[in-house]
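Trainee: just coords:
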């Protein structure tokens, strides 16, 4: 295993809102930071609903993974942060459209979170490089 740690960044996903990388590659894995449903073209949330924001968040994750030389089929773990747990079903429907392989990523989802920019959803992921 290599001891190298490499930052991953793409203009096809929103820039980091703080002191962190969009993703980091290390030891054969890609650790994607939590992605809000921000449209990278506008810098604004992609919609008012949790489903719309989840869809954009997953697009952002896909763009970052592509930049890192991977894709969503190689995601092994994801975490979904919801402002309102009542939005779980709507977000899960969008998530299921993204992860269509026979083996779904391990996942945690929980609500009651205060998410930056007033977002309703934030999703992070760990993938194999």
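Mentor: It's in. Quick caveat: nothing in here was measured; it's all calculated off a predicted structure.
Trainee: so residue 62: helix, strand or coil?
Mentor: In three-state terms, and counting by DSSP: H, G, I helix; E, B strand; the rest coil, residue 62 is helix.
Trainee: which residues touch the nearest residue to it once chain neighbours are set aside?
Mentor: Of all residues not flanking residue 62 in the chain, residue 72 sits nearest, at 5.3 Å (C-beta to C-beta, 6 or more residues apart in numbering). (C-beta placed from N, C-alpha, C; glycine too.) Counting by C-beta atoms under 8 Å, 6 or more residues apart in numbering, residue 72 touches 58, 61, 62, 65, 98, 99, 125, 127.
Trainee: with residue 23 instead?
Mentor: Here residue 23 is in contact with 7, 8, 9, 30, 31, 32, 33, 64, 65, 67, 68 (C-beta under 8 Å, 6+ apart).
Trainee: 7 Å instead, please
Mentor: 8, 30, 31, 32, 33, 64, 68 (C-beta atoms under 7 Å, 6 or more residues apart in numbering).
Trainee: which pair of the residues you listed spans the longest distance?
Mentor: 33 and 68 (12.1 Å; C-beta to C-beta).
Trainee: the two - which one has more neighbours?
Mentor: residue 68 (24 against 20; other C-beta atoms under 10 Å).
Trainee: that's a helix at residue 96, yeah?
Mentor: Yes. Counting by three-state DSSP, residue 96 is found in a helix.
Trainee: measure it to residue 89 for me?
Mentor: Residue 96 sits 11 Å away from residue 89, taking C-beta to C-beta, to the nearest Å as the criterion.
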